[in-house]
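>>> sequence? don't have it. structure:
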């Protein structure tokens with residue numbers, strides 16, 4: 001009995017402690033806590049009024065923006081490792097939003113539509129693909145219906161699908177090119193049909209009977225005329241019979257936008273005259289097919305759908321590279337703007353930003369984020385935006401040195417992705433900190449109305465004296481700090497400029513407060529925000 005009473009007392013004490021902890025947590029969440037001489041001073045939450053943040057929502061709007069973020073139609077869920085596992089559709093009312101992806105191949109159209117089409121995450125995607133071996137490419141996507149193996153056609157039934165053979169080092173050229181095409185077609189010439197070993201010039205040796213769907217009837221049976229349907233048709237010749245039937249049955253009343261590609265050389269059984277007549281019928285009915293080339297990250301109206309949202313009055317010129325904060329002299333102190341290149345490690349980014357925010361005086365630091373980071377951690381970005389200018393990096397990181405080599409369409413897509421993810425949070429970025437600043441990047445930035453930031457001093461440095469084992473990593477933390485600071489100081493010289501810390505490097509956090517001490521107390525520089533820095537450049 002005595003032991004039982006002791007256990008009950010211990011249980012009551014534990015319960016009281018738990019409830020008290022919960023109350024304290026709620027209290028601290030509702031208020032800002034500042035520490036003076038070791039004692040917390042509790043003040044009600046208030047918006048800073050002294051901070052100029054270019055392109056961000058006001059502090060007054062932050063709470064509503066966070067609420068909007070939490071109530072987005074698609075909510076990204078994360079495992080403990082922060083990998084997005086799905087997007088769940090919630091509370092969609094009214095007409096459906098549908099993307100019909102006919103000839104889905106390796107899900108490149110799904111990816112391009114989700115990443116770049118306005119409100120692309122609101123659409124249910126139906127993908128039709130006849131090659132069953134390509135199913136794994138669609139596994140990452142939710143709010144998505146995969147019809148595979150299924151071929152779209154003008155009839156319901158079955159047909160033989162001719163698909164590309166698996167790759168091997170001695171496979172040879174495909175259609176006179178070194179490529180792995182993927183997917184296949186319902187239409188082949190007699191030479192390809194007879195060559196069952198190699199599959200002819202297009203290597204179509206994988207053959208299987210697959211179900212076909214009368215696409216015109218399927219659209220009418222599954223959707224309403226009022227639905228918003230974006231239709232992409234790239235089916236290696238089958239488009240002629242499908243479009244002829246859709247015209248006959250007036251199915252384009254269901255279609256709001258039509259993308260795709262024609263394949264006039266496919267052996268479909270349609271004569272040149274019949275194909276020309278079909279084109280005339282489409283024109284007569286004001287039906288225009290817009291180009292869609294997911295493999296090159298392009299669709300015809302991509303620029304029209306992504307006009308600039310940079311707010312007026314921002315300093316600098318679009319597409320111009322800014323490497324300094326302007327003029328300095330013995331009587332005019334140099335100026336320094338501090339920026340953080342936010343990587344994809346949210347834990348390390350949070351640690352670095354919070355350390356700087358806790359500094360004894362306000363530091364007008366600007367934060368540059370990847371589009372994927374803003375999508376995965378929207379609440380973190382919105383909270384940062386209260387006190388700090390938010391700029392863009394690429395849509396996602398590339399291995400070092402590789403973004404320098406990508407084609408212009410990839411650069412444009414990356415800027416569209418990163419801009420859209422911030423626009424969805426109510427932010428209007430005006431500054432871009434790229435991996436490099438070549439001509440194609442400058443052109444893409446100018447098209448998006450973005451000012452390019454190229455730091456004067458970077459940690460870790462990307463040019464000049466780089467970090468090596470012998471000159472840096474061999475040493476203890478306390479010995480690495482002055483070496484890192486000396487590199488930054490040498491790069492700034494007497495004129496100052498733009499200092500960048502990479503949040504993915506652990507030493508950025510370690511040197512951050514010591515760097516601020518140097519800049520505030522000993523450098524002689526004036527600390528300014530990136531907008532004011534560029535205004536004086």
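Arrived safely, thanks for sending. Computed from a predicted model, the values in this text were never measured in an experiment. Numbering: from 1, shown residues only.

>>> please name the nearest non-neighbouring residue to residue 183.
residue 105 (4.5 Å; Cβ to Cβ, 6 or more residues apart in numbering). For every residue, glycine as well, the C-beta is placed using N, CA and C.

>>> distance between the ends of stretch 203-219?
Stretch 203-219 stretches 32 Å from its first residue to its last (Cα to Cα, to the nearest Å).

>>> could you look up the SS state of the residue nearest to residue 183?
Classification of residue 105 using DSSP: H, G, I helix; E, B strand; the rest coil returns coil.

>>> so what's the nearest residue in space to residue 137 that is not next to it in sequence up against?
The shortest distance from residue 137 to any non-neighbouring residue, by Cβ to Cβ, 6+ apart, is to residue 107 (4.1 Å). Neighbouring residues of residue 107 by Cβ atoms under 8 Å, 6 or more residues apart in numbering: 127, 134, 137-138, 141.

>>> same check, this time on residue 369
342, 381, 390-393, 418, 422.

>>> which residues of this protein score low on pLDDT?
1-93, 328-331 (pLDDT under 70).

>>> where exactly do the helices run in the stretch 301-450 of the chain?
In the stretch 301-450 of the chain, the helices defined using DSSP state H, counting those that start in this stretch lie at 346-357, 371-376, 378-385, 408-423, 439-447.

>>> among those, which comes closest to residue 494?
With Cβ to Cβ, the closest approach to residue 494 among those belongs to helix 346-357: 24.3 Å.

>>> buried ones in the closest one?
346, 348-350, 352-353, 356 (16 or more other Cβ atoms under 10 Å).

>>> I'd like the residues you listed laid out as JSON lines, including distance to residue 206.
Output for the buried residues of helix 346-357, formatted as JSON lines (distance: Cβ to Cβ, whole Å):
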{"residue": "346", "distance to residue 206": "43"}
{"residue": "348", "distance to residue 206": "46"}
{"residue": "349", "distance to residue 206": "46"}
{"residue": "350", "distance to residue 206": "49"}
{"residue": "352", "distance to residue 206": "51"}
{"residue": "353", "distance to residue 206": "51"}
{"residue": "356", "distance to residue 206": "56"}
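
>>> in stretch 513-525, what's buried?
Here stretch 513-525 shows 515-516, 519, 523, 525 as buried, counting by 16+ other Cβ under 10 Å.

>>> gap between it and the chain center?
35 Å (Cα atoms, centre = their mean, to the nearest Å).

>>> compute the first-to-last residue distance for it.
Stretch 513-525 end-to-end distance (Cα to Cα) = 16 Å.

>>> residues in contact with it?
Residues contacting stretch 513-525 (Cβ under 8 Å, 6+ apart): 333-336, 338, 355-356, 359, 361, 363, 481, 485, 488-489, 492, 496, 499, 501, 527.

>>> name the residues that touch stretch 273-280?
Contacts of stretch 273-280 (Cβ under 8 Å, 6+ apart): 240, 243-244, 247, 264, 270.

>>> what about residue 190, how many neighbours?
Per other Cβ atoms under 10 Å, the neighbour tally for residue 190 reads 9.

>>> apologies, that question was intended for residue 419.
26.

>>> what subset of the contacts of stretch 513-525 is buried?
334-336, 338, 356, 363, 481, 485, 488-489, 492, 496, 499, 501, 527.

>>> strands along the stretch 101-250 of the chain, start to end?
In the stretch 101-250 of the chain, the strands defined using DSSP state E, counting those that start in this stretch lie at 124-128, 144-147, 151-153, 157-163, 184-185, 206-214, 228-233.

>>> tell me which of those strands is the most buried.
strand 184-185 (a mean of 27; mean count of other Cβ atoms under 10 Å).

>>> list of residues touching that one?
130-131, 161-164, 204, 206, 235-238, 266.

>>> one step back: among the contacts of residue 107, which two are most distant?
134 and 141, at 13.1 Å, using Cβ to Cβ across these.

>>> between those two, who's got more neighbours?
Shown here are residue 134 and residue 141; by other Cβ under 10 Å, residue 134 has more neighbours (21 against 17).

>>> who's in contact with the more buried one?
Here residue 134 is in contact with 104-107, 148, 182-183 (criterion: Cβ under 8 Å, 6+ apart).

>>> among these, who's most crowded?
Going by other Cβ under 10 Å, residue 104 tops the contacts of residue 134 with 30 neighbours.

>>> right, I'll call it a day here.
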